[in-house]
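Chemist: Need a 3D model of the following:
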Amino acid sequence: MSSTTDQAISQSIDRLTAQGATGLDQYEQKLRNNAKKLVVLSNMLFEGQAALMFLQNGFKVAMRGEVPGEAGPDLRIELDREVVYVEVTHFLEKEQDRLDDKSMSETAGRLVQYGDTVELEGAPPWEQIAKVARRKVGQYMAGVSNILVVESSSPSTELVLGSAVHQYDDEVLKSDDLRLRRLSGIMLVQTDWIAIARNVDFCPTAHAAAPLSARVASTLYSICIDFP
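Modeler: Reported below is the predicted structural model:
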């Protein structure tokens, strides 16, 4: 393990400890088990960032470690005794983002279109988010509320959450897979953004088996974070 990797892990654990997260022994072990897989480790560190976001907005947070042969969400959060499970995923910067950056740098401040991923990736960003939400269905817990947090390093996902959740809701109605109804909402966290005032957006799903309470939903709607 490199000193940089060890430092990143230690800093994450220290920050979570200071904010009162639990389950950190399991989380740290998960990080260290994957320390040589840099992409995997980076994605797991985003779980810690999501946990800090919830801790700083009034939730209690328990990190969930790896259980061999058992799928499950990454975090357990609680507000006013209401428990919600959280699956965290990360969207990397896209090739289209780099092309858009180049285009904007060459237009001397004129407006240009950005975020159109169809030509390179075959689907717009909202379809990609909805597809990930469906693919993660095995991670959602039965009988309780679950949310998906998408931490995105791609500006292409700005302002698309409503469309993504609408598409997910349509798929729920068309599908016989009742596990899709375990998802109660999706949160989009933009770690890099261009045009929007808020970097966190939340949208509940329409057909959840365990809908979020008004109190929890309102708190999730209100989250906005400052990145270091």
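
Chemist: chain center to the host helix or strand of residue 52: distance?
Modeler: Here residue 52 is covered by helix 38-55, with elements defined by DSSP states H and E. In terms of Cα atoms, centre = their mean, to the nearest Å, the centre of helix 38-55 is set 9 Å apart from its chain centre.

Chemist: can I assume residue 209 sits in a helix?
Modeler: No: counting by DSSP: H, G, I helix; E, B strand; the rest coil, residue 209 is located in no helix; its state is coil.

Chemist: State the pLDDT value of it.
Modeler: In the predicted model, residue 209 carries a pLDDT score of 98.

Chemist: And it, how far from residue 179?
Modeler: Relative to residue 179, residue 209 is positioned 9 Å away (criterion: Cβ to Cβ, to the nearest Å). No exception for glycine: its C-beta is placed from N, CA and C like everyone else's.

Chemist: Domain map for the protein?
Modeler: As given by automatic domain parsing, the domain ranges for the chain are 1-60, 71-222.

Chemist: The first one: how far from the chain's middle?
Modeler: To tie it back to what came earlier, the one meant is domain 1-60. Relative to the centre of its chain, domain 1-60 is centred 15 Å away, using Cα atoms, centre = their mean.

Chemist: Can you find the helix or strand of the chain with the lowest average pLDDT?
Modeler: Ranked by mean pLDDT, DSSP states H and E, the weakest helix or strand in the chain is helix 95-105, scoring a mean of 41.
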